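S.K.: when you get a sec, could you give me coordinates for this:
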Amino acid sequence: MSSLLVTHPNFVKHDTGEGHPERPDRMRAIDRALSHPVFGGLTRAEAPLRDDVEDVILLAHTRGYLDELKQARPGPGDDLVRLDPDTVMSPGTWDAALRAVGAGMMSVDAVMSGQHVNAFAQVRPCGHHAETSRAMGFCLFDNVAIAGLYARKAYGAERIAVVDFDVHHGNGTQDIFWSDKDLYFGSTHQMPLFPGTGALSEAGVGNICNAPLRAGDGGAAFREAFQSRILPSLKNFSPDLILISAGFDAHESDPLGSLRLKEEDFGWVTMQLAEVAHKHCHGRLVSMLEGGYDLTALSRSVALHVKCLMDAAA
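M.R.: Have a look, this model is predicted:
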């Protein structure tokens, strides 16, 4: 059974402006890496614009917030709109943001229906910093949280787990999942670092597991954090579906963080999570792209991540 790759050409039309680290070239670099013949076995699909996408967004975000973003979006030919110093909307952003949510929905459909074991959604804008009613950190909608809540609504999945290994803490996902014992959020991240959340003490209703790392930590500390905290708590949670906030900015070459991970560390954690998925939820695993801003490190890390998903599905 093949892995599914969901993306769309319009993700490059989310223009963040000159010098912004979350830039369209990220998509182009990944496209080049995944064009290698080794990825010929991937099933590829375009992220849809779903008729029900706004209703699904409201599973995680407020109506007032959705309406604010719709009013703020620039039209064709308009200048960029800055929601905060880091978070930008261009004329192409709204389509991209809705398709990013649609990519998560399509991925969930594929794995929950049994059509594919796992899926990778190569999307922009990123999602995991978007809180219930606030855009921040390059993010408009919390794509991975929305995908998890969609799996609950559409397929009756009772226990949804999100695991986040981006260098920045996924404060938005934590915010959305905070008070629901059937939603799990586990995160490794550099601390202190933007957005300032993610302490060990932040535990929700026992469903939040943070494992902060220190600047300069490398693969050994990362793997220990997973082996001692994230993986045991994830197995104990016994999820019906695992989703990954797959940020690759913990790589040693990334300009926005100070962790020292290598591509092999991302491959290792992918296989660890795939193994948990195999044992607890029939392999069902959906990964959604978050950060990663050095183009070479990003493309190589994504390539290994996707290859591991393919190996897990074989």
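
S.K.: for the rest of this, base every contact and every neighbour count on C-alpha atoms.
M.R.: Will do.

S.K.: the stretch 151-300 of the chain: strands as residue ranges?
M.R.: For the stretch 151-300 of the chain, strands defined by DSSP state E, counting those that start in this stretch occupy the ranges 160-164, 183-190, 208-213, 241-246, 285-289.

S.K.: ok, which of those comes nearest residue 26?
M.R.: strand 285-289 (10.6 Å; CA to CA).

S.K.: check which residues of stretch 89-104 are buried.
M.R.: Going by neighbour count (16 or more other CA atoms under 10 Å), the buried part of stretch 89-104 is 89-94, 96-104.

S.K.: just the residues you listed: which are in helices?
M.R.: 93-94, 96-104 (DSSP state H).

S.K.: same list, the residues you listed, but as a markdown table with pLDDT please.
M.R.: Compiled in a markdown table, those are given as follows (pLDDT from 0 to 100):
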| residue | pLDDT |
| --- | --- |
| 93 | 98 |
| 94 | 98 |
| 96 | 98 |
| 97 | 98 |
| 98 | 98 |
| 99 | 98 |
| 100 | 98 |
| 101 | 98 |
| 102 | 98 |
| 103 | 99 |
| 104 | 98 |
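
S.K.: okay, and the beta partners of the most centrally placed residue in the chain?
M.R.: With distances taken as CA atoms, centre = their mean, residue 245 lies nearest the centre of the chain, 2.9 Å away. Beta-bridge partners for residue 245, by DSSP bridges, are residue 164, residue 288.

S.K.: tell me who's in contact with it.
M.R.: Residue 245 makes contact with 128, 144, 162-166, 287-290, according to CA atoms under 8 Å, 6 or more residues apart in numbering.

S.K.: and which of these is nearest residue 186?
M.R.: residue 163 (4.8 Å).

S.K.: tell me, how many residues neighbour the closest one?
M.R.: Residues near residue 163, counting by other CA atoms under 10 Å, number 25.

S.K.: mean confidence score for the helix or strand hosting residue 44?
M.R.: Assigned by DSSP states H and E, residue 44 belongs to strand 43-46. Averaged across strand 43-46, pLDDT comes to 98.

S.K.: pull out the buried residues from that strand.
M.R.: Quick answer for strand 43-46 (16+ other CA under 10 Å): 44, 46.

S.K.: so which of the strands of the stretch 151-300 of the chain gets nearest residue 72?
M.R.: Ranking those by proximity to residue 72 (CA to CA) places strand 285-289 first, at 24.7 Å.

S.K.: got the angle between that closest one and strand 160-164?
M.R.: With axes from the mean of the first three to the mean of the last three CA atoms, to 10 degrees defining the directions, strand 285-289 sits at 40 degrees from strand 160-164.

S.K.: and strand 285-289, how far out from the chain middle?
M.R.: Distance of strand 285-289 from its chain centroid, counting by CA atoms, centre = their mean, to the nearest Å, is 6 Å.
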